[in-house]
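[1] pasting a predicted model and its sequence here:
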There are 2 protein chains.
Amino acid sequence: TEIGQRLQSAISSNGGGGDGAVSREAFRQAAVNTLERRLFYIPSFKIYRGVAGLYDYGPPGCAVKSNVLAFWRQHFVLEENMLEVDCPCVTPEVVLKASGHVDKFTDLMVKDEKTGTCYRADHLLKDFCKEKLEKDLSLTAEKAAELKHVLAILDDLSSEQLGAKLKEYGINAPDTKNPLSDPYPFNLMFQTSIGPSGLSPGYMRPETAQGIFVNFKDLYYYNGNKLPFAAAQIGQAFRNEISPRQGLLRVREFTLAEIEHFVDPDDKSHPKFKEVADLEFLMFPREEQMTGKPAKKICLGEAVSKGTVNNQTLGYFIGRVYLFLTQLGIDKERLRFRQHLPNEMAHYAADCWDAEIECSYGWIECVGIADRSAYDLRAHTEKSGVPLVAHEKFSEPREVEKLIIAPVKKELGLAFKGSQKMVVEALEAMSETEAMEMKGALESNGEVEFNVCTLGKAVKITKNMVSISKEKKKEHQRVFTPSVIEPSFGIGRIIYCLFEHSFYMRPSKGGDEQLNVFSFPPLVAPIKCTVFPLVQNQQYEEVAKSISKGLTAAGISHKIDITGTSIGKRYARTDELGVPLAITVDSTTSVTIRERDSKDQIRVSIDEVASVVKEVTDGQSTWADVQWRYPAHSTTASGESSHQNEI
Amino acid sequence: TEIGQRLQSAISSNGGGGDGAVSREAFRQAAVNTLERRLFYIPSFKIYRGVAGLYDYGPPGCAVKSNVLAFWRQHFVLEENMLEVDCPCVTPEVVLKASGHVDKFTDLMVKDEKTGTCYRADHLLKDFCKEKLEKDLSLTAEKAAELKHVLAILDDLSSEQLGAKLKEYGINAPDTKNPLSDPYPFNLMFQTSIGPSGLSPGYMRPETAQGIFVNFKDLYYYNGNKLPFAAAQIGQAFRNEISPRQGLLRVREFTLAEIEHFVDPDDKSHPKFKEVADLEFLMFPREEQMTGKPAKKICLGEAVSKGTVNNQTLGYFIGRVYLFLTQLGIDKERLRFRQHLPNEMAHYAADCWDAEIECSYGWIECVGIADRSAYDLRAHTEKSGVPLVAHEKFSEPREVEKLIIAPVKKELGLAFKGSQKMVVEALEAMSETEAMEMKGALESNGEVEFNVCTLGKAVKITKNMVSISKEKKKEHQRVFTPSVIEPSFGIGRIIYCLFEHSFYMRPSKGGDEQLNVFSFPPLVAPIKCTVFPLVQNQQYEEVAKSISKGLTAAGISHKIDITGTSIGKRYARTDELGVPLAITVDSTTSVTIRERDSKDQIRVSIDEVASVVKEVTDGQSTWADVQWRYPAHSTTASGESSHQNEI
């Protein structure tokens, strides 16, 4: 059943119990230790004891992030000719009122009634159920089933239902055991005030999408008044989480990269769909989730043609997201596209798929790909009064039959006096069916009872009061609100999952130590290569510096390490940062290049070294390609090279 | 005099009077019209009538911005091996309390006493003085001199002085003529609340620098505990301006790129200074400003050796900033480096230079380059209790003479009982001079009067109560707070000035129209090239599409235009976006490439076209280089090419 499946996902995605959880925990600890020690990320404002849910990217993390974003721009914006925009984070209230965030962007919160400490109500209930299920050996089968059921329906509980459950289970504040308040909604937006008057409330945007929607008219014009087109934006977004957990996965400020693809609702085909139609990867359609089946490999073309995926454009983006993530280094086997269940989707959404990546915290939603239909543009049209619509000019005028309702105001005025206006409006608002019924009745009876809801009563309409007809008209264009297909990327979450998927440990040469490695592909590696003299001497140092100059000129980020540390230790340091290549200077004419994961080395002349590194790190060649072209360097060879051992 | 000079700058930087102002205004209007019409930027939330001081970058503006930032990363971060970090915008109060922003980051504001509308007090006074000077023909020479004096000292006026001036001149609210409140400080930070409790005040950061300072310890460690090193950050910053004016130049949210270069205060030499020492450009030292002389071309090496610029590191960054700005396309003749006057600088700053760019608004501060000494690290050390210091290990231990003050607690206890502790502390806190004086007095008289300020009185100290001596000690390291040299770039201001410096108009071929051109260098051009078939036919369209594919593969951002518009109009459109090259498909074997500013064309075979465009737009070759290699295409040649006329 749906619930059964959601339960399984709820348990597995939260560490669950058993040995798996222990080893996942240990793996995460090792990865996170390395990440924090090497400053991939740092809890923000650490010297002031930090702020929950805020993290800095240190130098290597910042480089990974900017590589991911550069690739995103190349893969989406440039490849698809998207219109990139850059809007402010500070947003006036009216915009987020229209989008629904002011009223609905909330989590349910409870307060410790004595200390005032706040908790997320669903977290407390979830923790209680999981703890009971894991640790209470006296639990009856019946009770266990009930707790599992609660976990499965957790997201659907209303404020009242949540409150009742907390009471029923006697759940108190975890830190103090004090009683808790009833749950109440807390808006997750950071609020502020724009300008000095205190009269213009504003918020830090919770997503970047609204900046695009409000610019639709200008962007459509910029695109030559043609559909489809996509706009894109990379920027900071903010959510004032009640109690952030899970490290980089749930934070109060994060980078989003969002695409809003505007398309004719009557034609969601995509001219480039065939380029991704043959891709096959793990998908988890609604059907499988609700019948308790696992995710399965599906060919994207089939998924669209069978209607599992709503339309080609949605399918095209699913395929492009798959390519994006796997090219970054996300493991294909721990990536799935999960379709939203009907109750997860907003009422206006046509279809929605999440790219979920499995990490030690379970399956994490990293990209949402939603067909949001015309909802957002309509909401802003209504609130602003500016029509956010598209026009389709017909190549030839089309003949359409139009209903014409023409109230005869003079007669209506005589009959209804002050109420005339309401009657006229009600007549004009009739649907085609209603109007044609009235036309028939008037023709046969000469009069008809007509309910005017603004008057709260029925009135008698006679034949001379209104003329109803159908006319053929020529139309030159169609005016409509475009549908929006929105792929939305949580960049921080993708990066964290990438860290976990890239992390492994291997024994040192002596076997006495576990060494950490990040196997980043060159595309995302924070530094593409390191340069070090094998031993400390001036000659080698000068060679190293001249190589470094060549690398800078070629635009290759690198690090030069002229410390006297053993070569093995220097390799280990560089592996921990995920640097794919290391150049060791052991002569004044040629050097060795070592590949991180295989630890294989080749010998390359000094003149060629920068271009070889560029070839591999730009992705024009693979390591295997260049390995075939240059002599292998064996660490057991005679002479100085024998120093060049791994530790 | 200093004041005379500042007056001149105050007037010239604000449009002043006369014809210059009119033509500047007209020029700006033409540039801004083009910029807004082509969506380089857009007032944010326009459909909701916008918010003052918030702007979006539309597609071409966003591309220019990301090109500027990519070049900044290449020119500074990569070239100098800086440690780039990425910290959140949301900042807890304690951090900005330590930095001084909570207490001092304010502007003086006055309120319309009836409507509550807020104004910047100095703006009202400035506007009043300027209007009088420009328009009041009956002004006496004496009065005019007074008003000029007020303009010159405007920035130095205290709240009381400003209030008095407003009263004296009878200045009322400009919109309503209502009376104004007294001026009072308004903090320019956007305030918010972190977490749900309402008890953790936070602010949107007013600069990115603090995120680097609080991470000093980790970054120093990451750099192998070695100085000097620089950290860098690009990110959003926020200032809740009272009443934003001057378009993109004074906004409420903007992108900063900041560098914090940490250096030993005893050695501010820079190993790469010689690379910039020969540069010669407009500098405006303090001396020239205060003696009423103009800015002048100075050789940077001389400026440092003569002490005009405080040290080599500061000089090195001035040189690098000069190269950065001019390579972006800023006009050398409208760029100057102005030294801060003594009263402009913070008390702790050693020296400070602003890169100012002249645009239609006058000379605009776009980059600040300050030697902030140890101020910031000391402030955070004090507030957090975490020592943000560097260590210099001596290669050999050094002998230093140390003052030893050893109070004899037993004797002091007998003499002073409960006050003993205060006396001991006061003795230990003596400076070297005080201690040596006491030693002399005790040796000659056996006793001495000693003032203990914590007791509020003097006590009698006898010889047996304290021993004072100097001892030679061996020290292995020196512990010190590094100095910070901070180049801070207002990216939006640089981009706006770049827009103005790149903008020009030229007559259409018929001479009946003025066409707009942005002469962006390829490095910053939003799109590197456009592709269009000369006439609408399927063959040419296919060639155009295959060229487009080749350009995408080469990573060149471009636009394909297959509309039936005349070729001249399409060139004009492309010039307005500052696209450097346009490819016109007029055969199936070769095409023409047209350069924007010269309008010269060359003929290139289809196979080579992508690589030629890449060569020029990557900066490997100039247009002159390739023009020499390929045949010129004359628009008056026979056949189809004759269609290819400029309008």
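    Ah, there it is. Predicted model only: the values in this text are computed from it and were never measured.
[2] distance check, the residue in the stretch 451-600 of chain A positioned nearest to chain B against B:A232.
    Taking Cβ to the nearest Cβ, chain B has its nearest neighbour within the stretch 451-600 of chain A at A:S557, 5.7 Å off. Backbone N, C-alpha and C define where each C-beta goes, glycine included. Going from A:S557 to B:A232 by Cβ to Cβ, to the nearest Å gives 13 Å.
[3] list of residues touching the longest helix along chain A?
    The residue-count maximum for a helix in chain A (DSSP state H) belongs to helix A:18-37. With contact meaning Cβ atoms under 8 Å, 6 or more residues apart in numbering or on different chains, helix A:18-37 is reached by A:15, A:40-42, A:61, A:247, A:359-361, A:499-500, A:503, A:505, A:516, A:518, A:576.
[4] so which bits of the stretch 251-400 of chain A are right by chain B?
    Within the stretch 251-400 of chain A, the positions near chain B by Cβ under 8 Å from any Cβ of the partner chain are A:252-253, A:380, A:383-384, A:386, A:388.
[5] what bridges to A:F186?
    Under DSSP bridges, the beta-bridge partners of A:F186 are A:D107.
[6] tell me the contacts of it?
    Contacts of A:F186 by Cβ under 8 Å, 6+ apart are A:106-109, A:118, A:242, B:196.
[7] same check, this time on A:S243
    Contacts of A:S243 by Cβ under 8 Å, 6+ apart are A:52, A:118-120, A:123, B:195.
[8] which pair in these spans the largest distance?
    Of all pairs drawn from the contacts of A:S243, the greatest distance, 14.3 Å, lies between A:H123 and B:G195 (Cβ to Cβ).
[9] quick one: the strands in the stretch 101-250 of chain A, in order.
    Here the stretch 101-250 of chain A has its strands, by DSSP state E, counting those that start in this stretch, at A:106-111, A:118-120, A:184-187, A:191-193, A:201-204, A:229-238.
[10] will you turn those strands into a markdown table that also has mean pLDDT and distance to B:E449?
    As requested, the strands of the stretch 101-250 of chain A are exported to a markdown table (pLDDT from 0 to 100; distance: least, Cβ to Cβ, whole Å):
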| stretch | mean pLDDT | distance to B:E449 |
| --- | --- | --- |
| strand A:106-111 | 93 | 61 |
| strand A:118-120 | 91 | 60 |
| strand A:184-187 | 93 | 65 |
| strand A:191-193 | 95 | 59 |
| strand A:201-204 | 96 | 62 |
| strand A:229-238 | 97 | 62 |
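[11] including distance to B:F317, could those strands go into JSON lines?
    Listed next are these as JSON lines, based on distance: least, Cβ to Cβ, whole Å:
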{"stretch": "strand A:106-111", "distance to B:F317": "46"}
{"stretch": "strand A:118-120", "distance to B:F317": "46"}
{"stretch": "strand A:184-187", "distance to B:F317": "44"}
{"stretch": "strand A:191-193", "distance to B:F317": "34"}
{"stretch": "strand A:201-204", "distance to B:F317": "33"}
{"stretch": "strand A:229-238", "distance to B:F317": "28"}
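[12] wait, isn't A:A525 in contact with A:N67?
    Yes. In this structure, A:A525 is within contact of A:N67 by Cβ atoms under 8 Å, at 7.5 Å.
[13] so between those two, which is more surrounded?
    Applying other Cβ atoms under 10 Å in any protein chain shown to A:A525 and A:N67 shows that A:A525 carries more neighbours, namely 25 against 21.
[14] tell me which other helices or strands the strand or helix carrying A:E401 touches.
    Assigned by DSSP states H and E, A:E401 falls within strand A:390-407. Secondary-structure packing of strand A:390-407 (3 or more Cβ pairs under 8 Å, 6 or more residues apart in numbering or on different chains; DSSP states H and E): helix A:420-428, helix A:432-445, strand A:466-480.
[15] which SS state does A:L314 fall under?
    When classified by DSSP: H, G, I helix; E, B strand; the rest coil, A:L314 comes out as helix.
[16] report the contact partners of the closest residue to it other than its chain neighbours.
    The spatial neighbour of A:L314 that comes closest, neighbours along the chain excluded (Cβ to Cβ, 6 or more residues apart in numbering or on different chains), is A:D371 at 5.3 Å. Shown in contact with A:D371 (Cβ under 8 Å, 6+ apart): A:268, A:310-311, A:313-314, A:349-352, A:483-486.
[17] and A:V517, its phi and psi?
    phi -140, psi 140 (degrees, to the nearest 10).
[18] confidence score at it?
    Listed pLDDT for A:V517 reads 97.
[19] what's across from it in the sheet?
    Here A:V517, judged by DSSP bridges, has bridge partners A:Y504.
[20] that one reaches A:D575, doesn't it?
    Yes. The pair A:V517 / A:D575 is scored as a contact, 4.5 Å apart, by Cβ under 8 Å.
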